[in-house]
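Undergrad: Build the 3D model from these lines:
(2 chains)
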2 protein chains.
Amino acid sequence: MISSTQTPAAVSAEDYLRYAADRVNRALEELLPSEQAAPSELHKSERYSMFAGGKRLRPALCMAAYEACGGTGDAVLPAACALEMVHTFSLIHDDLPCMDDDDLRRGRPTNHKVFGEAMAVLAGDALLVQAFELVANTGNAACVSTLARSLGSQGMLGGQVVDILSEGKTVDLDTVDYIHRHKTAALIAGSLVMGAQVAEAPAPIVEGLREFGFKIGLGFQIVDDCLDLEQTTETLGKDAGSDLENNKATYPSLLGLEASKAKAVALIESAVTDLRALPIEGAALEAVARYIFTRVH
Amino acid sequence: MISSTQTPAAVSAEDYLRYAADRVNRALEELLPSEQAAPSELHKSERYSMFAGGKRLRPALCMAAYEACGGTGDAVLPAACALEMVHTFSLIHDDLPCMDDDDLRRGRPTNHKVFGEAMAVLAGDALLVQAFELVANTGNAACVSTLARSLGSQGMLGGQVVDILSEGKTVDLDTVDYIHRHKTAALIAGSLVMGAQVAEAPAPIVEGLREFGFKIGLGFQIVDDCLDLEQTTETLGKDAGSDLENNKATYPSLLGLEASKAKAVALIESAVTDLRALPIEGAALEAVARYIFTRVH
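TA: Here you go, the predicted model:
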């Protein structure tokens, strides 16, 4: 929908995402408890949502930030896997009947439609717990702290609360902005920060990547809102128009589609300008960031 | 119900529990986000359940283990507060309509009856996240790892899964034992281990306290089952007979009340024998452990 072809010649976003997803998927396969291990039903439920075709965007951003800061090898994998676990936790809980009540996610029935609500709540809880365990076991306390702050009441969960409370109400752009910055951008920013922290990057670079992450995260959510309005259920793999159905205010519903797309483009360009000013090897990061504006999730 | 008055003369369990609760309540008051801070509704929901009259048993056990191992001062408070947060998280989620569907907890309406199901799910999630943040900020990675393992699919959440899946089915004592060891005993054992870890106790003492915790945790849950069967709703502050109503197998339903009480007494006596063999100052721990067999939660 929004075309953006200015990726640096040397790095293909598709290649980088495939490389990151391969590594993360192999690691997740080992880290997640086996379906044969007790309690089997919980592990099946966790794996059902973890291996549902997600693009591993947050792990890819985390790995790209790590490598941009000079990190090499597998030390970033626990953080990368943890990010996908907490992202999946949030999707499972958000889809619950008491939240957004969605039946489809990535083209398949949502977790609670297959395993029941109780198991969906518990699978989300278990993924959240294992994510913290993974990052804690690296011994990097700053990284655990980043994960917690990205998720807590001043992060993703705070955004979800305001989102839920805003349903069916007339809300202004400030509120939509609050929701997007917390519900989506906080964890994307956290993904970049965690990558930089695992690489032990100096504070100015960590903060620069945090800002970069907030900008692309907000832009990403605006693109998502536009897609939700434009596309069919079949293309999107989740209930299309579910924002409308849930009576949710979004950027396009308040600003219109064209102005929203312009806002998203301005955000990515500003983010990239900031990124290029940092003394790191940002080509893959830039490529992935631009790519996520061309499609979603 | 089960009388046990062999507390060491020097330490009053009531005094110790009051001392621990005072310190933990003051710390929680500071640590939990203010109801005035956005998102206010979430913070109200968290505080409603956190300040609902809980006895702070897990924090008290954590503090007593810490002090038994020579720890002094406030370094144990983040772990102690985190334990109460994750305990409250588990109560909020367990009470949900899709789980045990309980209307009363500690004599008051359950969280979802007051704040709605969505906010209850999110308040539980937020408490879980903040608990990990607190412990991570101490820089004690082993402690974060203990918290995670006590809660995960091989700990509390695993027990809750089997509990939910067993409802309405004929289950044997092994299954009830599995549920109790995971759902209740794992976090009580974790409380003792975390206290010892904050005090940097040597591994044999940490492991000894873990075993002690598993025994008193299992005994504690058996006592709870007996109370659930014996007492009225008014005395208990939660729906009495809810195990029966939910068709849950318990120790007394399988073994009878008297045999269950005898099992609980055997567990506490065995736990205390083990405790006395450890080279630590265990008087307060022993007093608190014995006390919790005289009443519940």
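
Undergrad: show me where pLDDT drops low in chain A?
TA: Counting by pLDDT under 70, chain A shows low-confidence ranges at A:1-10, A:232-247, A:295-297.

Undergrad: from memory A:Tyr251 sits against A:Cys226, does it?
TA: Yes - using C-beta atoms under 8 Å, A:Tyr251 makes contact with A:Cys226 at a distance of 7.4 Å. Every C-beta, even on glycine, is put in place using the N, C-alpha and C of the backbone.

Undergrad: For chain A, which helix extends over the most residues?
TA: helix A:203-230 (DSSP state H).

Undergrad: Against which helices or strands is that one packed?
TA: Taking 3 or more C-beta pairs under 8 Å, 6 or more residues apart in numbering or on different chains; DSSP states H and E as the contact definition, the neighbouring helices and strands of helix A:203-230 are helix A:57-68, helix A:173-180, helix A:186-198, helix A:242-245, helix A:251-255, helix A:257-277, helix A:283-291.

Undergrad: sorry, back to before: which residues are in contact with both of A:Tyr251 and A:Cys226?
TA: Shared contacts of A:Tyr251 and A:Cys226, defined by C-beta atoms under 8 Å, 6 or more residues apart in numbering or on different chains, comprise A:Ser260.

Undergrad: which of those two has more neighbours?
TA: Legend: neighbour count by other C-beta atoms under 10 Å in any protein chain shown for A:Tyr251 and A:Cys226, higher for A:Tyr251 (26 against 22).

Undergrad: give the contact list for the more buried one.
TA: A:173, A:176, A:180, A:221-222, A:225-226, A:260, A:263.

Undergrad: For those residues, pick the one with the most neighbours.
TA: Highest count within those by other C-beta under 10 Å belongs to A:Ile222, 27 neighbours.

Undergrad: What is the end-to-end distance of stretch A:195-204?
TA: End-to-end distance of stretch A:195-204 (C-alpha to C-alpha, to the nearest Å): 14 Å.

Undergrad: Can you report how many residues neighbour the residue in the stretch 151-297 of chain A that chain B sits nearest to?
TA: With distances taken as C-beta to the nearest C-beta, the stretch 151-297 of chain A approaches chain B most closely at A:Val161, which sits 4.3 Å away. Burial of A:Val161, expressed as a neighbour count using other C-beta under 10 Å, amounts to 27.

Undergrad: quick one: the closest residue to A:Asn137 other than its chain neighbours from B:Glu269, how far?
TA: Among residues not flanking A:Asn137 along the chain, B:Ser145 sits closest, at 5.8 Å (C-beta to C-beta, 6 or more residues apart in numbering or on different chains). Applying C-beta to C-beta, to the nearest Å, the value for B:Ser145 to B:Glu269 is 31 Å.

Undergrad: With A:Arg290 instead?
TA: Between A:Arg290 and B:Glu269 the distance, using C-beta to C-beta, works out to 67 Å.

Undergrad: who's more crowded, the two?
TA: The residue with the greater number of neighbours, taking A:Arg290 and B:Glu269 and applying other C-beta under 10 Å, is A:Arg290; the counts read 21 against 15.

Undergrad: how close does the more buried one get to B:Glu211?
TA: Spatial separation of A:Arg290 from B:Glu211 under the definition C-beta to C-beta is 56 Å.

Undergrad: With A:Tyr178 instead?
TA: Distance, A:Tyr178 to B:Glu211, by C-beta to C-beta: 49 Å.

Undergrad: what do you get for A:Ala259?
TA: Plainly put, A:Ala259 is 64 Å away from B:Glu211 if you go by C-beta to C-beta.

Undergrad: do A:Gly71 as well
TA: For A:Gly71, the distance to B:Glu211 (C-beta to C-beta) stands at 41 Å.

Undergrad: before we move on, back to that, which two of the contacts of A:Tyr251 have the greatest separation?
TA: Taking C-beta to C-beta, the two most distant members of the contacts of A:Tyr251 are A:Leu173 and A:Cys226; they sit 15.1 Å apart.

Undergrad: now the helices: where do they sit in the stretch 51-200 of chain A?
TA: Secondary structure of the stretch 51-200 of chain A, counting by DSSP state H, counting those that start in this stretch: helices at A:57-68, A:77-94, A:111-115, A:117-136, A:141-151, A:156-166, A:173-180, A:186-198.

Undergrad: okay, those in JSON lines with distance to B:Ala203 next?
TA: As requested, those are exported to JSON lines (distance: least, C-beta to C-beta, whole Å):
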{"stretch": "helix A:57-68", "distance to B:Ala203": "33"}
{"stretch": "helix A:77-94", "distance to B:Ala203": "24"}
{"stretch": "helix A:111-115", "distance to B:Ala203": "38"}
{"stretch": "helix A:117-136", "distance to B:Ala203": "18"}
{"stretch": "helix A:141-151", "distance to B:Ala203": "21"}
{"stretch": "helix A:156-166", "distance to B:Ala203": "36"}
{"stretch": "helix A:173-180", "distance to B:Ala203": "47"}
{"stretch": "helix A:186-198", "distance to B:Ala203": "28"}
